[in-house]
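Undergrad: sequence isn't available, so here's the structure alone:
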């Protein structure tokens, strides 16, 4: 089985707008059959809207403090705090801090769908429609 090393400096940044950038690392396009992973950086005041996925998700805060809401419960994650989110759980992350916040995410599928709770619109994760302020 080949080893795949992905350096952040070589990865393509996906600008989701409104101070949110994501960096996909592993997914089906890179040969994964069971997971996808990457990281998201949020500037102060930035965040993602309430949504859910068609798979479970694990998030680790690695920089700054991440605020999150999962099925109505609001939590604060500090560096190296980790949270597991069940498939279909409504959740969102945002940055209330004064510095950039970075989270690392892993999904239980190589290709993931995101459904925005307000509109019910479903988009492929990391696609053109997967933005911080969907229309």
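TA: Cool, got the structure. Every value quoted in this text rests on a predicted model; they were computed, and no experiment measured them.
Undergrad: tell me which residues touch the nearest residue to residue 72 once chain neighbours are set aside, please.
TA: Spatial nearest neighbour of residue 72, excluding adjacent residues (C-beta to C-beta, 6 or more residues apart in numbering): residue 90 at 7.8 Å. (Each C-beta comes from the backbone N, C-alpha and C, glycine too.) Residue 90 makes contact with 50-52, 69-72, 117, according to C-beta atoms under 8 Å, 6 or more residues apart in numbering.
Undergrad: can you list the residues you listed in JSON lines and add neighbour count, secondary structure and distance to residue 23?
TA: Output for the contacts of residue 90, formatted as JSON lines (neighbours: other C-beta atoms under 10 Å; DSSP: H, G, I helix; E, B strand; the rest coil; distance: C-beta to C-beta, whole Å):
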{"residue": "50", "neighbour count": "13", "secondary structure": "coil", "distance to residue 23": "22"}
{"residue": "51", "neighbour count": "23", "secondary structure": "strand", "distance to residue 23": "19"}
{"residue": "52", "neighbour count": "21", "secondary structure": "strand", "distance to residue 23": "22"}
{"residue": "69", "neighbour count": "15", "secondary structure": "strand", "distance to residue 23": "23"}
{"residue": "70", "neighbour count": "18", "secondary structure": "strand", "distance to residue 23": "23"}
{"residue": "71", "neighbour count": "11", "secondary structure": "coil", "distance to residue 23": "27"}
{"residue": "72", "neighbour count": "8", "secondary structure": "coil", "distance to residue 23": "29"}
{"residue": "117", "neighbour count": "13", "secondary structure": "coil", "distance to residue 23": "24"}
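Undergrad: helices of this protein, start to end?
TA: Using DSSP state H, the chain contains no helices.
Undergrad: residue 14 - how many residues pack around it?
TA: 18 (other C-beta atoms under 10 Å).
Undergrad: likewise for residue 115?
TA: 16.
Undergrad: mind checking how far the nearest residue to it once chain neighbours are set aside is from residue 41?
TA: Distances taken as C-beta to C-beta, 6+ apart place residue 122 nearest to residue 115, at 4.4 Å, with adjacent residues excluded. According to C-beta to C-beta, to the nearest Å, residue 122 stands 24 Å off from residue 41.
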